[in-house]
Each structure stands twice: as C-alpha cells, then as structure tokens.
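Colleague: no sequence on this one, just coordinates:
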DNA sequence: AAGGTAACCCTAACCGTTAGGATTTCACAA
DNA sequence: TTGTGAAATCCTAACGGTTAGGGTTACCTT
C-alpha cells in the first residue's frame, strides 16, 4: 500500500531493460529461432526465471513497448480536443504509429517478425487486445453514442488499417485509403 | 503422380478422424489444458509422431474443419451468380458461418476455446489466413476491379464481422450491423 | 536494528514438438 | 505371385519454452 520509493524500483526497471536489450541484440545478431531463453538469460547475467518474471513469454521480449502502443491509440481518442471528430483523430494517430513502425531503424526488427510465425501470431493477438482497449475507449466517449457493436467494429477496422499499412508498399497511402473506408463505415452508423 | 485409389487413403483419413474425435472428446471431458498430446495419442492408439503427421499442433486438433471454412468463404465470392453484387453474397455466407458456430451443439467447444488463450490465439491467426485467402479471391474477381488495399481491407472487415458476431449476445444482428458498415466502406472505394 | 517482502537465484521437471531411423502396409507392375 | 518403392506408422531420445518449489539477497519500513 505504501508508495514505493527509489532504488528497488530503479533496479527492477534496469534489470528489465537489460534483459530486453540483450534479447533484441541477440535475436538480431543470430536470428530469433537460433537464440534460446537460456542464452538470453546467460548473456544478460540473470536467471531464466528472472526473464519470465519480467516477460510473459519469449515473444514478449520483442514487443517490449506494447503498452505504449495501446496507450497512444486510446489517448488519441480520449485526449482529443472536445468536439473534434473521431475519425480524423484516429487517422492521424494510426498514421503516426505506422510511420514509427516503418521507420528506417525498424526494418531489421520488422524483417525478424515477418520471418517468424510465432512472432507474427503474437503480434496479431496483441493487436486484438489493442482493438479491445480502443473499442472500450470509443464506447466510453459521451460524444459518440454509438452501439457497442459499431465501436468494436470500428476499433478492429482501425487496427486492420495499421496491420495492412505496416506490410504495404506505400504505408502512408494505405492508411489513407483504408481510413476513407472506415470513415464511410463509421458514418453509416450515425444514430 | 498416379491417382491414389482406395484403401491407403481411407485408412489415413480414418486415422486422422479417430485422432481428431478422440482429442475433442478428451478435451471436453477433462479440459484442454489437462489433456496432453501423449494422452490423446495413447487413447487414439497411435504414436505421438502420428498425431503430428496429421495435425501441425495441439491447437489444430480443435479446428479440424479449418479448410472448409476458408473454402466456403472464398467460394461465396468466386461461385456467386454472375453480376450478383459482392457484399450481399458475402453477408449471406458470413451469416451462415456464424449460425454454424453459434449453433446449439457448438456451445461447449466455444466455451473451451474462449477459456484457453492458446486456442484463442490460434483461432485469430487462422482467421488472418482466411482473410488473406478472401482478399485474393476479391482481387481476382474481374467484376470488382478495386485496389489491392481495398480488397485486403474488405476481407479483414468481413472476418472481423464473423469474429465479433461469434462472441456477441445477438450474433445475427451483429453480422447485419457490421455489414451495413462494410457496405458503406466498400462503396466508398468504387473506382 | 529487526522484520517483512520484493526481487532474484538454482534445480528439476513438464509438455509440445521434432529428429532420426526402423518397420509395417499398401499400390503397382513385372 | 512376388518384388519394389513409397507412404504411413512407430519408437526413442532429445530440444526448448515454461513453471513449480524452495532458498538467498537486498531493499524498505518501523
């Protein structure tokens, strides 16, 4: 119940970060499948059980920033200026997220993900969670007043836009095109 | 290269079916997590390696009819009467598939799937494959002539409709509502 | 300074999955 | 019929992610 203060927290965060950094480095150096959890633990100088105390699975080591993604998405909805229409705000944020994941430095990581079925599968299921969080944010917005189904569908559509764009030849144009569709879909649900 | 004829094929199919039936029965009796592959193999009276010769993973044992699903979806597009508009055909098929998966007898299986993260994750990644197959079917239809992005987005939207409806309180109404959105989205891509 | 507990460690195991290689069963043609 | 090739199955042993159990250390609070 007490507000934790200081060293312990910092050390925990440092351990977590060291594990994540070590893992990503090894994965990129030798390939995801060629690196075992035991390798990561040894190189990060921690016990295997410590790795799993910080990350729920081997795949989770790759998607360390998972939480940020979800927060940015939901905040694009909840923190937008009052009376700003939903779709442009969502469009803008997805565009930004796509740029982030198709940026120069992210290419090797993306290649690694696309090269591993386990990582692709994990990413999808992460996306689903994000869609659910987004759907909840939409449902909670008093300005929108759409059905739960409309919110859930729109949330999934937005995630689809992100997923398609990350793998498209022209990510920016793909986001724009899919959001033209989403806009039409959303307007078709007006009360 | 010869057309295979007879006994060998039948025996193989029988083995496969026996494994799938045994697995599903055990899973429902004792719970998915409480049944190991070794249990399934023993009860079906085959070697563990034989199980994996027929099914790529433990989860695949539960989604035996996977292929049917994908075929029905793509055929709803490719085999529809000439000049019949796309969306109603897709709508009808998804409605039928949802009815199938929310039918009386399917309830215990659905409960089992929803109760296991591994099964949910597997189902999602299956759905993604189906969306890709559907997108290919849309892209190949000479009457449609939409961009690859529009085809891919629409395919994912249709799969979203299915996924949402299977878990909704009123599956039929959910399919209808989401397909109203999909119709608008699709029409917004008209060339 | 003492007690409590969060973070960490070690070991051993569980379970899905695969490699390797032997064995059986069937299809087909000589 | 019988020989031959290939497909299906089998057995054993292992690999790799993951977890349980139980102990140690380091920090925080009082």
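Modeller: That came in fine, so what should we check first? Please read these numbers as outputs of a predicted model, since none were measured by experiment. Numbers count the residues shown, from 1 in each chain, chains lettered A, B, ... in the order given.
Colleague: show me what from chain A comes close to DNA strand D.
Modeller: Contact residues of chain A with respect to DNA strand D, defined by CB under 7 Å from any atom of the strand, are listed as A:2-9, A:11, A:35-38, A:48-49, A:52, A:56-59. (Glycine included, C-beta is placed from N, CA and C.)
Colleague: among those, name the buried ones.
Modeller: In the residues of chain A next to DNA strand D, burial by neighbour count holds for A:35, A:58-59, counting by 16 or more other CB atoms under 10 Å in any protein chain shown.
Colleague: a markdown table for the residues you listed, including pLDDT and secondary structure?
Modeller: Written out in a markdown table, the entries for these read as follows (pLDDT from 0 to 100; DSSP: H, G, I helix; E, B strand; the rest coil):
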| residue | pLDDT | secondary structure |
| --- | --- | --- |
| A:35 | 97 | coil |
| A:58 | 98 | coil |
| A:59 | 97 | helix |
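Colleague: for residue A:142, pull up the helix or strand it's in.
Modeller: For residue A:142, there is no enclosing helix or strand under DSSP states H and E.
Colleague: what about it, how many residues nearby?
Modeller: For residue A:142, the count of nearby residues is 5 (other CB atoms under 10 Å in any protein chain shown).
Colleague: among the residues of chain A next to DNA strand D, which ones lie close to DNA strand C?
Modeller: A:8-9, A:11, A:48-49.
Colleague: now the two most distant members of those residues.
Modeller: When these are compared pair by pair using CB to CB, the farthest-apart members prove to be A:9 and A:48, with a separation of 22.9 Å.
Colleague: surely residue A:155 touches residue A:129?
Modeller: No - with contact defined as CB atoms under 8 Å, residue A:155 does not count as touching residue A:129 (10.9 Å).
Colleague: more neighbours: which of these two?
Modeller: Comparing residue A:155 with residue A:129 by neighbour count (other CB under 10 Å), the higher total belongs to residue A:155, at 27 against 13.
Colleague: residue A:35 and residue A:28 touch, don't they?
Modeller: No - in this structure, residue A:35 sits apart from residue A:28 without contact. The criterion is CB under 8 Å, and the distance is 9.5 Å.
Colleague: is chain B contacted by the helix or strand harbouring residue A:88?
Modeller: Element membership of residue A:88, judged by DSSP H and E, is helix A:86-101. No - contact between helix A:86-101 and chain B, assessed by CB under 8 Å from any CB of the partner chain, is absent, since the two come no nearer than 12.1 Å.
Colleague: can you name the next helix or strand after that helix?
Modeller: Downstream of helix A:86-101, the first helix or strand assigned by DSSP H and E is helix A:107-115.
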